[in-house]
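*Asks:* the following block contains a protein sequence and its predicted model.
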Amino acid sequence: MFIDNLIEKIKDKKNPTVVGLDPRIESIPKFLKDMAYNIHGENVKGICEALYLFNKGIIDEIYNIVSAVKLQVAFYEAYGAEGFKVFFKTAEYAKEKGIFVIADVKRGDIADVAKMYSKAYLQHKSIDAITVNPYMGEDTILPYIDDMIKFGKGLFILVKTSNKGSGDIQDLKTNKGLVYENVAEMVNRISKMVLGKSGYSSIGAVVGATYPEVAKILRKQMPYCLFLVPGYGAQGATVDDIKNCFDNNGLGAIINSSRKVIFAYKSPNWSELYSEYEYAKAARAEVLMMRDMINNSIIKKKQIMM
Ligand SMILES: O=C(O)c1cc(=O)[nH]c(=O)n1[C@@H]1O[C@H](COP(=O)(O)O)[C@@H](O)[C@H]1O
């Protein structure tokens, strides 16, 4: 089952970090672009080849220290059919290297359409889980569950997002509590349909690291849901902000960082140590630092409390 296998892998690697493969062509090292453009020219094909070479380099450096990567589809979809090819080629490569692949597609549509999104992503052999947007209602989520069970896949449902404007709608008060609390109630209820031996469900929740007080409430409200936590790093959330996402055993959350990891070679922390040719080594160093910070300040403390 997706969730039990993922939790096993997290325990094995002692690392709840997820690396976000959200490549931006302007931030990719010049030597990779030169390589790709020499073969294909400076066009969509060349750009997509550069994205792939970049991703492959990162995966080669991090596959033995992380459990999962998350690919935000927009960075690929922007390049049309070639971009989609690289999206799936990257997913396949990560899978071959033994890491879980989360396709961050944030889909949300009427049930009949949801079935087609499920076919596109959950039925794909290289995708382990997807993100979905529940704000069109429960009927738009249920179609994914058949494929999850049939193919052993996972779902992460947006509950409280990390962006500044997430409160505009998610924090609105209704006569049944806040909007995100109602979504959390629904997610928790349906999560019981796919419970694993670990006590967690293959249906998880997306909870932004940038709202730690909300995470505290949601951790209690959704005891079966693994949290996929974005917002760490580039969006400003720190290790202190994510502690409420974990349970008392130091489990229950995976923490995504995209830009801060993959473009670490450009950051003041690492640029003196690693050249652009060593961009993937800088990414690995950033992941190791993140892993150690999380383990030392959260997971060990929680385990001591037990
Ligand atoms: O579902 C997500 O992953 C997601 C939800 C959310 O609330 N906020 C959020 O930033 N994300 C994704 O997490 C990643 C954040 O990237 P960085 O800010 O570069 O770490 C992007 O792929 C976003 O699409």
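*Replies:* Good, I have the coordinates.

*Asks:* and whatever helix or strand residue 19 lives in, anywhere near the ligand?
*Replies:* Element membership of residue 19 [criterion: DSSP states H and E] is strand 17-20. Yes - for strand 17-20 and the ligand, the contact criterion (C-beta under 6 Å from any ligand atom) is met by residue 20. In this view, the C-beta of every residue, glycine as well, is placed from N, C-alpha and C.

*Asks:* direction included, what does that strand pair against?
*Replies:* Take DSSP bridges as the rule and strand 17-20 pairs in its sheet with strand 68-72 (parallel), strand 253-257 (parallel).

*Asks:* and the contacts of that strand?
*Replies:* Applying C-beta atoms under 8 Å, 6 or more residues apart in numbering, the contact partners of strand 17-20 are 58, 62, 66-72, 102, 104, 228, 230, 254-259, 261-262, 283, 287, 290-291, 294.

*Asks:* for the ligand, which of the strands paired with strand 17-20 is the nearest?
*Replies:* Distances from the ligand to each of the strands paired with strand 17-20 were compared using C-beta to the nearest ligand atom; the minimum, 3.4 Å, belongs to strand 68-72.

*Asks:* count the residues that sit near residue 267.
*Replies:* Residues within reach of residue 267, counting by other C-beta atoms under 10 Å, total 16.

*Asks:* between strand 68-72 and the longest helix along the chain, find me the angle.
*Replies:* In the chain, ranked by residue count with DSSP state H as the criterion, the top helix is helix 44-62. Between helix 44-62 and strand 68-72, the angle formed by their directions is 160 degrees, by axes from the mean of the first three to the mean of the last three C-alpha atoms, to 10 degrees.

*Asks:* in helix 44-62, what counts as buried?
*Replies:* Residues of helix 44-62 classed as buried by neighbour count (16 or more other C-beta atoms under 10 Å): 45-59, 61-62.

*Asks:* surely residue 283 touches residue 59?
*Replies:* No - Residue 283 lies out of contact with residue 59 (C-beta atoms under 8 Å); the separation is 9.8 Å.

*Asks:* beta partners for the residue most central in space within the chain?
*Replies:* Among the residues of the chain, the smallest C-alpha distance to the mean C-alpha position (C-alpha atoms, centre = their mean) belongs to residue 70, namely 4.1 Å. Beta-bridge partners recorded for residue 70 (DSSP bridges): residue 20, residue 102.

*Asks:* can you pull the contacts of residue 284?
*Replies:* 61-62, 65.

*Asks:* quick one: name the residues of the stretch 201-306 of the chain near the ligand.
*Replies:* With the criterion set to C-beta under 6 Å from any ligand atom, the stretch 201-306 of the chain comes near the ligand through 206, 208, 230-231, 233-235, 256-260.

*Asks:* need the buried ones from those selected in ChimeraX.
*Replies:* Listed next is the ChimeraX selection for buried residues among these, using 16+ other C-beta under 10 Å:
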select :206,208,230,231,233,234,235,256,257,258,259,260
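
*Asks:* go through the residues of the stretch 201-306 of the chain next to the ligand and flag which are in helices.
*Replies:* Within these, membership in helices is found for 259-260, as judged by DSSP H.

*Asks:* which stretches of this structure form strands?
*Replies:* In chain order, the chain shows strands spanning 17-20, 68-72, 100-107, 129-132, 154-160, 173-174, 177-178, 201-207, 225-229, 253-257, with DSSP state E as the criterion.

*Asks:* which of these sits closest to residue 267?
*Replies:* Relative to residue 267, the nearest member of the strands of the chain by C-beta to C-beta is strand 253-257, separated by 11.8 Å.

*Asks:* pLDDT averaged over the closest one, what's the number?
*Replies:* Strand 253-257 shows an average pLDDT of 98 in the prediction.

*Asks:* wait, what's in contact with the residue nearest to residue 162 when sequence neighbours are not counted?
*Replies:* Setting aside the residues directly before and after it, residue 162 is nearest to residue 208 in space (C-beta to C-beta, 6 or more residues apart in numbering), at 2.8 Å. Under the criterion of C-beta under 8 Å, 6+ apart, the contact partners of residue 208 comprise 160-163, 166, 214-215, 229-231, 235, 237.
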